[in-house]
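Asks: Here is a sequence together with a model predicted from it:
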Amino acid sequence: MIAVVGSGGWGTALAFHCAQKGYPVKIWAHESEVVTEINRQHTNATFLPGITLPESIQASGSLEEVLSGCRYVITAVPSQWLRSVAKKMAPLITRNHLIISASKGLEVQSLKTLATVLEEELPMVEPGAVIALSGPNHAEEVARRIPSTTVVATPILKFAEEVQDLLISPLLRVYTNPDRLGVQLGGALKNIIALAAGISDGLGFGDNTKAALITRGLAEMARLGAAMGAQTPTFSGLSGMGDLFVTASSKHSRNAWAGRELGKGRSLAEILSSTKMVVEGVTTTQAAYRLAREKQVEIPITNITYQVLFEGVPPLEGVSRLMERVRTHEMEEVVAATYTWQ
Ligand SMILES: NC(=O)C1=CN([C@@H]2O[C@H](COP(=O)(O)OP(=O)(O)OC[C@H]3O[C@@H](n4cnc5c(N)ncnc54)[C@H](O)[C@@H]3O)[C@@H](O)[C@H]2O)C=CC1
Ligand SMILES: O=C(CO)COP(=O)(O)O
């Protein structure tokens, strides 16, 4: 039995995937109308339109009902609500549970990663039993059974392999990675760069601009990640570059969409109130902006995105500020290895 906590697009797609693998699946929904729709119509039109779900998926608004009798709990609740939901899960969780954290973001108040939030609220689980799941995975495509890859991350190999075995299928190739922090930061920080890429598209700029944002964006994601203790190579992997590429370039991305709308001149408040879906990059921008100041790391694209989102800087002015920054070298490592010898 697998429990999925959160029935937005991603929780629903993961429930679909697990049910296709033949597991009994229960899913918790925040909205009672979503519970009724999944149980009666086998659809979730608000958060995953166009998909018919296997009838074996049972939805409930009761965490007691959903969590009883399962070893695996997949959490897919938006980042800023995760702690409050985890607090309600706590009395129902034991040392035997494995928690698979599928959300992407940072808790803006504490600046903590979501696996840390879960560990704090669910201290009864074994060390390493909160496993991050992250990768280039639009829910719409996983639920359409389009071949995809993802990463499960925990330093405890036996848990990583157990969850890899649980989720792997001919349509979802699952890799393991011990760098849980790096995998989570890739999944969180790429949303900021996807917002910036969307802004660029909304302003009518082209492929050159987007390639620049993706490449320099990855550099600053890795820089902040390294300062926080993540492994730099993780950012070149599926949960880093892979997810950044898919989010910045996909028609499915809510972050890229929100960026495009900003670039076209709509206000952030207007954009966010026009959707029930979560645009995680907005709060992640706030968190990353503060983290980088604390760690004294340069993250220019994130800083400008912050200014556009929260300080009223017009998107076009934001692009000028990026282009007119003080000139610099592309790669400090290469510079250290070469220019110093001349
Ligand atoms: N949609 C996708 O393709 C993917 C999403 N993710 C991540 O999964 C997480 C969940 O996102 P989605 O499933 O896309 O959600 P969504 O954007 O489809 O739906 C929003 C979700 O927020 C829930 N919600 C609203 N108010 C709430 C509250 N007060 N307490 C608890 N939940 C509340 C709604 O019930 C709904 O499930 C996010 O962190 C997202 O970044 C990760 C991979 C893929
Ligand atoms: O994380 C995702 C794809 O891997 C989903 O991105 P969006 O939240 O921008 O839709």
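Replies: Received the coordinates, thanks. Numbers count the residues shown, from 1 in each chain. Ligands and ions are numbered 1, 2, ... in the order given.

Asks: so how many other residues sit close to the residue nearest to residue 67 when sequence neighbours are not counted?
Replies: Spatial nearest neighbour of residue 67, chain neighbours left out: residue 92 (4.4 Å); criterion: CB to CB, 6 or more residues apart in numbering. For every residue, glycine as well, the C-beta is placed using N, CA and C. Neighbourhood size, residue 92 [other CB atoms under 10 Å]: 17.

Asks: OK, contacts around residue 117?
Replies: Shown in contact with residue 117 (CB atoms under 8 Å, 6 or more residues apart in numbering): 82, 83, 86, 107, 110.

Asks: cool, and residue 252?
Replies: 138, 139, 140, 141 are the contacts of residue 252 under CB under 8 Å, 6+ apart.

Asks: Can you check the pLDDT for the closest residue in space to residue 147 that isn't next to it in sequence?
Replies: Leaving aside its sequence neighbours, residue 147 sits nearest to residue 171 (CB to CB, 6+ apart; 5.6 Å). For residue 171, the model assigns a pLDDT of 97.

Asks: Adjust the sequence numbering to begin at 59 for everything that follows.
Replies: All right, first residue 59 from here; so that's residue 229.

Asks: Bridge partners for residue 118, pull those for me.
Replies: Bridge pairing for residue 118 (DSSP bridges) gives the partners residue 86.

Asks: since we're on it, how many residues are nearby?
Replies: By other CB under 10 Å, the residues close to residue 118 number 19.

Asks: ok, back up a step: which of the contacts of residue 310 sit farthest apart?
Replies: Based on CB to CB, the longest span within the contacts of residue 310 runs between 197 and 199 and measures 7.5 Å.

Asks: just the contacts of residue 175 now: which is nearest ligand 1?
Replies: residue 140 (8.0 Å; CB to the nearest ligand atom).

Asks: Can you pull the phi and psi angles for that closest one?
Replies: When read as degrees, to the nearest 10, the backbone of residue 140 gives phi -60, psi -40.

Asks: Next one: it from residue 156, what distance?
Replies: Using CB to CB, to the nearest Å, residue 140 is found at 17 Å from residue 156.

Asks: again with residue 240
Replies: The gap separating residue 240 from residue 156 is 20 Å, by CB to CB.

Asks: Of these two, which one has the most company?
Replies: Neighbours were counted for residue 240 and for residue 156 using other CB under 10 Å; residue 240 has more, 29 against 20.

Asks: who touches the more buried one in this structure?
Replies: By CB under 8 Å, 6+ apart, the contact set of residue 240 is 211, 283, 288, 289, 290, 292, 293, 297, 298.

Asks: ok, the one helix or strand it maps to near ligand 1 or not?
Replies: Assigned by DSSP states H and E, residue 240 falls within helix 238-260. No. Figure legend: helix 238-260 not in contact with ligand 1 (CB under 6 Å from any ligand atom); closest approach 7.0 Å.

Asks: which helices and strands sit right next to the helix or strand just after that helix?
Replies: Counting by DSSP H and E, the next helix or strand C-terminal to helix 238-260 is helix 265-286. With contacts taken as 3 or more CB pairs under 8 Å, 6 or more residues apart in numbering; DSSP states H and E, helix 265-286 sits against helix 238-260, helix 301-307, helix 338-353, helix 358-368.

Asks: report the angle between the axes of helix 265-286 and helix 238-260?
Replies: Between the axes of helix 265-286 and helix 238-260, defined by axes from the mean of the first three to the mean of the last three CA atoms, to 10 degrees, the angle is 160 degrees.

Asks: residues from the stretch 59-208 of the chain in reach of ligand 1?
Replies: Proximity of the stretch 59-208 of the chain to ligand 1, by CB under 6 Å from any ligand atom, involves residues 64-69, 88-89, 105, 134-137, 139, 143, 160-163, 195-197.

Asks: Repeat the analysis, applying 8 Å as the threshold.
Replies: Contacts of the stretch 59-208 of the chain with ligand 1, taken as CB under 8 Å from any ligand atom, map to 64-71, 87-89, 92, 104-106, 134-137, 139, 142-143, 160-163, 172, 192, 195-198, 200.

Asks: Now, of the contacts of residue 175, which are buried?
Replies: With burial judged by 16 or more other CB atoms under 10 Å, the buried subset of the contacts of residue 175 is 140, 141, 144, 165.

Asks: show me the contacts for the single nearest residue of the stretch 59-208 of the chain relative to ligand 1.
Replies: Across the stretch 59-208 of the chain, no residue is closer to ligand 1 than residue 66, which sits at 2.2 Å (CB to the nearest ligand atom). Residue 66 makes contact with 105, 106, 134, 135, 136, 197, 335, 336 under the criterion CB under 8 Å, 6+ apart.
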